[in-house]
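Visitor: Dropping the sequence and predicted coords here.
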Amino acid sequence: MKIICIGRNYSEHALELNNPIPSTPLFFMKPDSALLQKNKPFFYPSFSNNIHFEAELVIRINRLGKSIQEKFAHKYYNEIGLGIDFTARDLQKVCKENGHPWEIAKGFDGSAVLSSFHPIEKFVNLKDLNFSLNINGSTKQSGNSKDMIFNFDQIISYVSQFMTLKIGDFIFTGTPAGVGPVQIGDKLEGYLEDELVLKTTIK
Ligand code: ZN
């Protein structure tokens, strides 16, 4: 199982971090040891002083595929969930400045938080899907899939040119504007439409 994450897929978020808007999807990966599921707590790592939340729609691959054409990409996922791509923004800044890979800033333990997964049939329109993240009861991020620069099918088509997608792989599809730091003691709650699907506490 692998975890693929799309960066800069919402223009307002790219701009808030002073990044250019990409012309092809930008992706990076997290190891399976980054997974944090079943509403378990997140332990703030000692190597960072600036862990940011990034709430994202996540699709789960349900079919083996390589070089998938965009028109067939919808056959390769049938469940969607919410994820948090925890990012050590301080370490990422140094990686970016040095032109280094991002793994230490993005792939640490617990950095890939996942909600329960839901059949896509449950949602009226995948191209108009609301999601949000609350911290201690106040909304910090809210997004809608219609604002993605690259949609799910375009992402699958692009990524599968480079690597075979396998059953059980997850794709984090990018975060909208509003990212920010978490503090020890914070309680995070994630919603898909109006349904509470994810909870975690920062310890
Ligand atoms: Zn992200």
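Guide: All right, it came through fine. Numbering: from 1, shown residues only.

Visitor: Checking my notes, Q154 in a strand, right?
Guide: No. Assessed by DSSP: H, G, I helix; E, B strand; the rest coil, Q154 does not belong to a strand; its assignment is helix.

Visitor: Which residue comes closest to it once chain neighbours are left out?
Guide: E70 (5.9 Å; CB to CB, 6 or more residues apart in numbering). In short, each C-beta sits where N, CA and C put it, glycine included.

Visitor: and what of F152?
Guide: Using CB to CB, 6+ apart, the nearest residue to F152 is I59, at 5.6 Å.

Visitor: what's the answer for I4, then?
Guide: That would be I171: by CB to CB, 6+ apart, it lies 4.8 Å from I4.

Visitor: Show the contacting residues for that neighbour.
Guide: Residues in contact with I171 (CB atoms under 8 Å, 6 or more residues apart in numbering) are 3-6, 58-59, 61, 77, 152, 155-156, 159.

Visitor: number of nearby residues for I80?
Guide: By other CB atoms under 10 Å, the residues close to I80 number 24.

Visitor: any idea how far it lies from the ion?
Guide: The gap separating I80 from the ion is 16 Å, by CB to the ion, to the nearest Å.
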